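Engineer: Need a 3D model of the sequence below.
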Amino acid sequence: MTSLGESLKIIDEEKFFKEVNSLLNLINFDNTKNLILGVSGGPDSMMLSHLLNKYSNINGLDVIAVIIDHQLRDSSWKEASITRKKLNAIGLKAEIFKLKKYTKNTGIQEWARFERLNTLSAFAKSKNGVLFLGHHLDDNIETVFMRMNKKTGFWGAAGIKKVSSWRGTILLRPFLSYTKEIILKTCKEKSIKFIVDDSNINEKFERVKTRNFLQNLENKDKILKNVHNFSIAVGKITEILDKKINELCTVHFPSFNLGWSNLDIKFLSRLNKDFAVRIMLLKIKSIGGEKYFLKKIKVEKLLVHLLDFTDNQNKMPGRTLGGCKIFYRQKNVSLVRWSKELIPPSKITEFGNLLYDNKWEILCSKKVKVGYLQNSNYSLIKNKIVRKSIIPYEVWKYVPVDIDRFNYQKMKIKLDVVKSNNHLDITNNFISFLFDCYGIKIKFIN
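Structural biologist: Numbers count the residues shown, from 1 in each chain. You can find the predicted model right below:
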């Protein structure tokens with residue numbers, strides 16, 4: 001690890017290049033892909049820009065830097081333009097994308113994070129790229145403390161991973177072994193200019209409060225080093241556990257391509273409680289399209305309810321939780337998307353893709369308006385088609401379509417030719433129908 005408690009050095013380029021090679025090997029990277037870099041203009045992303053630029057020149061790869069203008073400050077566009085000029089000056093291609101203005105008074109940082117990642121992810125997919133981000137060791141320690149404060153449990157202590165994904169886009173964070181101090185020292189040594197964001201010192205934000213708290217700890221370096229090492233150890237354990245959980249989910253809690261899942265309650269009752277809760281947390285977040293995991297206590301209560309009816313599931317009252325509905329029907333306990341409010345439609349982005357309702361990846365070459373069938377005349381599909389289908393009718397309500405052009409009669413004709421009553425055959429036919437008739441590819445992000 002580079003640095004807590006050690007004398008400060010600057011980032012060694014050769015070691016950094018080896019780290020990037022290691023990360024790219026982990027994801028089986030090939031030269032047909034591009035390196036996409038999220039740049040804020042701060043020291044972390046500007047340092048990463050310089051290093052990745054050198055790496056790409058050595059290895060014959062393309063790097064595209066992406067700057068997001070959140071429009072949260074009057075000077076934001078000017079700062080983004082200055083940053084682009086700095087990147088262009090070292091030979092990096094750079095794009096600026098402006099987000100719609102945020103009009104609420106609370107939740108600014110949460111909104112900015114999600115919209116930034118969604119835009120970066122959409123751009124990376126359009127360029128067949130992997131996304132590099134400049135998070136560093138201090139960011140990870142702050143994240144662990146914030147998660148522990150929210151009682152996120154063992155998995156929360158794993159912190160930020162070097163390799164992860166966001167809505168299907170691979171994220172790489174090669175700076176997680178470096179402290180902020182080392183990055184700043186390297187910037188100074190290499191004469192790398194950057195912009196300072198005032199929000200990084202504003203204590204109305206939780207991360208800034210956490211950062212200041214950590215800076216004032218006695219024996220700070222020792223404590224932070226122990227937290228960092230603990231986070232790495234927990235991360236290795238949770239990686240093994242999650243691999244096993246994924247194997248169990250494939251067999252006993254499968255998710256299907258129309259965005260729903262079946263739950264094997266008898267098998268769930270035989271699992272360790274923490275395993276069972278983790279599985280339910282993952283399934284509800286995935287199906288419900290939530291940004292964050294639910295509070296553990298809520299899922300524990302749901303688990304008690306489900307297990308109370310292990311031997312008489314047909315008598316189990318339904319429940320709603322976390323944007324999901326759980327019920328027994330056709331000899332299965334099913335988990336489906338559910339919302340009291342209509343989910344508003346969205347247009348395909350300029351990149352030719354769309355993340356819809358935090359759970360669907362939509363691809364289309366035209367800027368069509370995508371919405372759920374519940375936004376259209378859903379009674380038609382419920383009365384004419386769903387009654388013949390073994391797929392729960394609630395599932396069809398939350399299937400994304402081109403709502404301006406969607407034709408129920410065409411869908412009925414397409415599904416009527418399916419002789420099998422197998423829901424997988426019906427699903428495959430419907431998904432191919434959307435592409436053949438409307439040029440839309442839909443993919444449930446599991």
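
Engineer: Against Phe114, how distant is the nearest residue to Gly153 once chain neighbours are set aside?
Structural biologist: Sequence neighbours aside, Lys296 is the residue nearest to Gly153 in space, at 6.0 Å (criterion: CB to CB, 6 or more residues apart in numbering). Every residue, glycine included, has its C-beta placed from N, CA and C. Per CB to CB, to the nearest Å, Lys296 is found 22 Å from Phe114.

Engineer: More neighbours: which of these two?
Structural biologist: Lys296 (18 against 15; other CB atoms under 10 Å).

Engineer: any low-confidence regions in the stretch 251-400 of the chain?
Structural biologist: Applying pLDDT under 70 to the stretch 251-400 of the chain flags residues 376-389.

Engineer: Now do the strands in it.
Structural biologist: With DSSP state E, counting those that start in this stretch as the criterion, the stretch 251-400 of the chain has strands at 255-256, 260-263, 319-321, 324-329, 332-337, 346-347, 353-356, 360-363, 369-372, 400-402.

Engineer: Would you format these as a markdown table with mean neighbour count and distance to Ile36 included?
Structural biologist: Listed next are these as a markdown table, based on neighbours: other CB atoms under 10 Å; distance: least, CB to CB, whole Å:
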| stretch | mean neighbour count | distance to Ile36 |
| --- | --- | --- |
| strand 255-256 | 18 | 28 |
| strand 260-263 | 22 | 31 |
| strand 319-321 | 15 | 36 |
| strand 324-329 | 20 | 32 |
| strand 332-337 | 22 | 30 |
| strand 346-347 | 14 | 22 |
| strand 353-356 | 22 | 14 |
| strand 360-363 | 20 | 17 |
| strand 369-372 | 20 | 24 |
| strand 400-402 | 24 | 25 |
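
Engineer: now for the ones you listed, which one comes closest to Leu92?
Structural biologist: Checking these against Leu92 by CB to CB gives strand 353-356 as the closest, at 23.7 Å.

Engineer: Tell me the helices and strands packed up against the longest helix anywhere in the chain.
Structural biologist: In the chain, ranked by residue count with DSSP state H as the criterion, the top helix is helix 220-252. On a contact count with 3 or more CB pairs under 8 Å, 6 or more residues apart in numbering; DSSP states H and E, helix 220-252 meets helix 137-149, helix 153-156, helix 265-270, helix 273-288.

Engineer: run the last query once more with 7 Å
Structural biologist: The contact analysis (3 or more CB pairs under 7 Å, 6 or more residues apart in numbering; DSSP states H and E) places helix 220-252 against helix 137-149, helix 153-156, helix 273-288.

Engineer: which residues are contacting the shortest one?
Structural biologist: For helix 153-156, the external contacting residues (CB atoms under 7 Å, 6 or more residues apart in numbering) are Arg147, Met148, Val234, Thr238, Arg278, Lys296.

Engineer: Determine the angle, from 0 to 180 degrees, between the longest helix of the chain and helix 273-288.
Structural biologist: 80 degrees (axes from the mean of the first three to the mean of the last three CA atoms, to 10 degrees).

Engineer: And helix 220-252, what's buried?
Structural biologist: For helix 220-252, burial by neighbour count (16 or more other CB atoms under 10 Å) applies to 224-225, 227-228, 231-232, 234-235, 238, 241, 245, 248-249, 252.

Engineer: Next, the angle helix 137-149 makes with it.
Structural biologist: Going by the same axes, to 10 degrees, helix 220-252 makes 70 degrees with helix 137-149.

Engineer: Would you agree Leu35 falls within a strand?
Structural biologist: Yes - counting by DSSP: H, G, I helix; E, B strand; the rest coil, Leu35 is part of a strand.

Engineer: tally of neighbours for the nearest residue to it once chain neighbours are set aside?
Structural biologist: In space, and not counting its chain neighbours, Leu35 is closest to Val63: 4.5 Å by CB to CB, 6+ apart. Val63: 22 surrounding residues under other CB under 10 Å.

Engineer: ditto for Tyr292
Structural biologist: By other CB under 10 Å, neighbour count at Tyr292 equals 10.

Engineer: Report the separation between it and Leu133.
Structural biologist: 19 Å.

Engineer: Other residues contacting stretch 51-61?
Structural biologist: 13, 16-17, 20, 31, 35, 37, 62-63, 90-92, 132.

Engineer: Restricted to helices, list those.
Structural biologist: Short answer: the contacts of stretch 51-61 in helices (DSSP H) are Glu13, Phe16, Phe17, Val20.

Engineer: Quick one, grab the pLDDT at the last one.
Structural biologist: Which is Val20. With respect to pLDDT, Val20 scores 97.

Engineer: Mind checking what secondary structure the closest residue in space to Glu189 that isn't next to it in sequence has?
Structural biologist: Nearest-residue entry for Glu189: Ile10, 5.0 Å, with adjacent residues in sequence omitted and distances by CB to CB, 6+ apart. Remark: Ile10 carries the secondary structure label coil [criterion: three-state DSSP].

Engineer: right, and Ile10 touches Lys185 too?
Structural biologist: Yes - the pair Ile10 / Lys185 is scored as a contact, 5.6 Å apart, by CB atoms under 7 Å.

Engineer: List the buried residues for stretch 141-150?
Structural biologist: Ile141, Glu142, Thr143, Val144, Phe145, Met146, Arg147.

Engineer: got it, and stretch 287-306?
Structural biologist: Buried residues in stretch 287-306, defined by neighbour count with 16+ other CB under 10 Å: Ile287, Gly288, Gly289, Glu290, Phe293, Leu294, Lys296, Val299, Leu302, Leu303, Leu306.

Engineer: With stretch 427-438 instead?
Structural biologist: Thr427, Asn429, Phe430, Ile431, Phe433, Leu434, Cys437, Tyr438.

Engineer: hmm, who's touching that stretch?
Structural biologist: By CB under 7 Å, 6+ apart, the list of residues contacting stretch 427-438 reads 256-258, 401-402, 405, 410-411, 414-415, 418, 440-442.

Engineer: and Gly60, how far is that from Ser22?
Structural biologist: 19 Å.

Engineer: between those two, who's got more neighbours?
Structural biologist: Legend: neighbour count by other CB under 10 Å for Gly60 and Ser22, higher for Ser22 (12 against 7).
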